[in-house]
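Trainee: build me a structure from this.
(one chain, ligands or ions: 1)
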Amino acid sequence: MERSCRVAPIPGIVPEPDMKPYDPAAGITTLSQDLIRLLGEESVLAGQSAERAYDCDAYTVDRSRPAAVVLPNNTEEVAKVVRYCVKHSIPFTARGAGTGLSGGALPALGGVVISTKRLTKILEIDLPNRRMLAQTGIANKKLSDAVKHAGLHFAPDPSSQTVATLGGNIAENAGGPHTLKYGVTSNHVLGVTMVDPLGEIVTFGGKHFGGPEFDFVGLICGSEGTLGIVTEAWIKLTPLPKVVRTALASFDTIRGATETVAGIIAKGTIPAALEMMDSGILKAVSAAFGVTYPVGTQALLLIECDGDDVATVEAEMQAVREVCQSNNCLDIAMAETEADRAKLWTARKKGVGAMGRLAPSIVTHDGVIPRSKLPEMLDFVYRVAADAKVGVANIFHAGDGNLHPCFYFDDRDPEQVKNVVEAGEAIIRKCLDLGGSVTGEHGVGVEKIDLMPLMFSEADLRMQGKAKAIFNDGTLCNPCKILPNQKSCVEHKMRWRGMAW
Ligand SMILES: Cc1cc2nc3c(=O)[nH]c(=O)nc-3n(C[C@H](O)[C@H](O)[C@H](O)COP(=O)(O)OP(=O)(O)OC[C@H]3O[C@@H](n4cnc5c(N)ncnc54)[C@H](O)[C@@H]3O)c2cc1C
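Mentor: Take a look at the predicted model:
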């Protein structure tokens, strides 16, 4: 089906006033002095190195420099900065670890970046009720590390979990390899404390499940920092499974692997993780870490089954093996020990990092398709990359049908940037044609804002605009994200694109 994409703001979607980007030269050279007065010298960064370090997230195609960066120590300090920004009409954008892959933490109109780097405390652990209260700048993995001794963990586990923050996970409603069985971040967040776009401190939900109020926590999860800055959150702790079986199956064709994914799910088995990597990733991982795979391997499936009962988990793994064999897999390596398991996960955990050897820049795209369409979709991805003359490797949550084609290229060359952006858009259009979505877990950010009208009608977008306006009916809190209704953002987007240094 032919789809057209509107890059102009859509009339009627809670129109937002035009807004100029914040110009540090126009009056507030005193900005950093004011912020220093509010928070102290050690909590404010400004100047060229701060501008460079905070001008993008892990989606490096679009860049925009902040005028200043603040590192508040608590919720009250966040609120002080927001109130200051509101008073002086300065845009502000929350930032966790900056591992986002759609430009969500990019300070689109300049202004102040509010980093949660110092909000790393665990405030309460309630083991009997399996609950934890933590500040949102803490890295995801530290949440699980803190309760491992009690046989518990925080189930959402994005592959970036050693650095990505709880706040970033909430804002992006992050998934991960174990989403297939355990769900996304919103399934594990019970309550939040947030500084709203006017600087008020508000609390929704709490330690216990199910209050009488509207589910604002659900709305905040996945709102990409456009509804306020979450500073603390109550999260659920999940028991670690007693039995885990991990397998790495290698295939000499991409189709063999993709058909195995569809076959496993069709058979009624839901592994805890079902991840795929293609030969591009394997080459990078082999070169970086010296790991070897069976000769002729074109694709790997990392498959993990878990539970509390050995017989059930073994039966699931047997069903998985049968599907792999019926699709002519070359080999299935099984982990016998925890060290083996870590080794089998190497390609999945270190694949994207290893790609740094292939080219100076990577853009990891994110789209969703029904699992049964994986074979057709991957054929399309390779074709699009070849036409665009850019390298591509695939590493993704195959069990969720959540595709991540990683393009590698040189973002100092505008022609390559253009090709990568266009190739990504072609892939997303194809995802929609196959009945999927513009994003699975990386969010809309600035990257996909123009693609939203391909998926949603004007009425849909208007309703989303109204939901946003409950919290944020202004233009200061993380402007130019998610909804294509901000006139100035369309104009300024031209300046962000390809602004590599
Ligand atoms: C190698 C790699 C692997 C990845 N794997 C996965 C994966 O498996 N699954 C997945 O879902 N994602 C993955 N990601 C994407 C990214 O790590 C996630 O989106 C993560 O949740 C972002 O967290 P962050 O702390 O880096 O947030 P940032 O990038 O700093 O910010 C992301 C968004 O959240 C907002 N934000 C940040 N903190 C707050 C806060 N406290 N309150 C309100 N808004 C806030 C920002 O404004 C921005 O819009 C991966 C990224 C990389 C680089």
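
Trainee: am I right that Gly100 is in a helix?
Mentor: No. Per DSSP: H, G, I helix; E, B strand; the rest coil, Gly100 lies outside any helix segment and is coil.

Trainee: so how far is the ligand from it?
Mentor: Distance of Gly100 to the ligand, computed by CB to the nearest ligand atom, to the nearest Å: 3 Å. Just so you know, the C-beta spots here come from the backbone N, C-alpha and C atoms, and that holds for glycine as well.

Trainee: now do the strands in the stretch 101-250 of the chain.
Mentor: For the stretch 101-250 of the chain, the strands defined by DSSP state E, counting those that start in this stretch occupy 112-115, 122-126, 131-135, 152-153, 189-195, 201-205, 229-236, 238-239, 243-251.

Trainee: can you give the contact residues for the following helix or strand past the longest one?
Mentor: On the C-terminal side of strand 243-251, the nearest following helix or strand under DSSP states H and E is helix 254-266. Around helix 254-266, the neighbours that count as contacts under CB atoms under 8 Å, 6 or more residues apart in numbering are 249, 251, 271, 274, 276, 278, 298-301, 303, 319-320, 323-324, 326-329, 371-372, 374-375, 378-379, 398-399.

Trainee: how about a cut-off of 6 Å?
Mentor: 251, 276, 298-299, 301, 320, 323-324, 327-328, 371-372, 374-375, 378, 398 (CB atoms under 6 Å, 6 or more residues apart in numbering).

Trainee: closest residue of the stretch 351-500 of the chain to the ligand?
Mentor: Glu441 (3.3 Å; CB to the nearest ligand atom).

Trainee: surely Ser160 meets Thr99?
Mentor: Yes. Contact criterion CB atoms under 6 Å: Ser160 and Thr99 qualify, at 4.4 Å.

Trainee: quick check: neighbours shared by these two?
Mentor: By CB under 6 Å, 6+ apart, no residue touches both Ser160 and Thr99.

Trainee: tell me which helix or strand comes right after the helix or strand where Ala386 lies.
Mentor: Element membership for Ala386, per DSSP H and E: helix 374-388. Following helix 374-388 in sequence order, the next helix or strand is strand 391-396 (DSSP H and E).

Trainee: tell me the mean pLDDT for that following strand?
Mentor: Mean pLDDT, strand 391-396: 94.

Trainee: what's the distance between it and the middle of its chain?
Mentor: Relative to the centre of its chain, strand 391-396 is centred 16 Å away, using CA atoms, centre = their mean, to the nearest Å.

Trainee: that strand packs against which elements?
Mentor: strand 273-278, helix 279-289, strand 405-409 (3 or more CB pairs under 6 Å, 6 or more residues apart in numbering; DSSP states H and E).

Trainee: contacts for it, please.
Mentor: Against strand 391-396 from outside (CB under 6 Å, 6+ apart): 276-278, 280-281, 351, 385, 402-408.

Trainee: out of those, who's near the ligand?
Mentor: Cross-checking those against the ligand (CB under 6 Å from any ligand atom) gives no overlapping residues.

Trainee: for the residue of the stretch 351-500 of the chain closest to the ligand, give me its contacts.
Mentor: Taking CB under 6 Å, 6+ apart as the test, what Glu441 contacts is Ala174, Gly175.

Trainee: please redo it, this time with the cut-off set to 10 Å
Mentor: Residues in contact with Glu441 (CB atoms under 10 Å, 6 or more residues apart in numbering) are 101-102, 156, 158, 169, 172-176, 179, 184-185, 222, 366, 368, 397, 400, 402, 404.

Trainee: now do Asn73
Mentor: Leu39, Gly40, Glu42, Ser43, Lys117, Arg118, Leu119, Lys121, Gln135.

Trainee: which SS state does it fall under?
Mentor: Once three-state DSSP is applied, Asn73 turns out coil.

Trainee: from Gly465, how far off is it?
Mentor: 34 Å (CB to CB, to the nearest Å).

Trainee: and what of Pro128?
Mentor: Counting by CB to CB, the gap from Pro128 to Gly465 is 43 Å.

Trainee: likewise for Ala247?
Mentor: 46 Å.

Trainee: report the inter-axis angle for the lengthiest helix in the chain versus helix 374-388.
Mentor: As assigned by DSSP state H, the longest helix anywhere in the chain is helix 414-433. Put simply, helix 414-433 runs at 160 degrees to helix 374-388, going by axes from the mean of the first three to the mean of the last three CA atoms, to 10 degrees.

Trainee: could I get the buried residue list for helix 414-433?
Mentor: Residues 416-417, 419-421, 423-433 are the ones in helix 414-433 that count as buried (16 or more other CB atoms under 10 Å).

Trainee: the chain against the ligand: which residues are in contact?
Mentor: 57-58, 93-101, 104-105, 116, 136, 158-160, 164-165, 167-169, 171-172, 174-176, 224-225, 229-230, 352, 441-442, 478.

Trainee: among these, which are in helices?
Mentor: Gly167, Gly168, Asn169, Ala171, Glu172, Val352.

Trainee: which of those residues has the most neighbours?
Mentor: When neighbours are counted by other CB atoms under 10 Å, Asn169 leads these with 34 neighbours.

Trainee: if we ignore the residues flanking it in sequence, what's nearest that one?
Mentor: Using CB to CB, 6 or more residues apart in numbering and skipping residues adjacent in sequence, the residue nearest Asn169 is Thr185, 4.7 Å away.

Trainee: for the helix or strand hosting Lys350, packing partners?
Mentor: Per DSSP H and E, Lys350 falls inside helix 346-354. With contacts taken as 3 or more CB pairs under 10 Å, 6 or more residues apart in numbering; DSSP states H and E, helix 346-354 sits against strand 243-251, strand 273-278, helix 279-289, strand 299-307, strand 361-364, strand 391-396.
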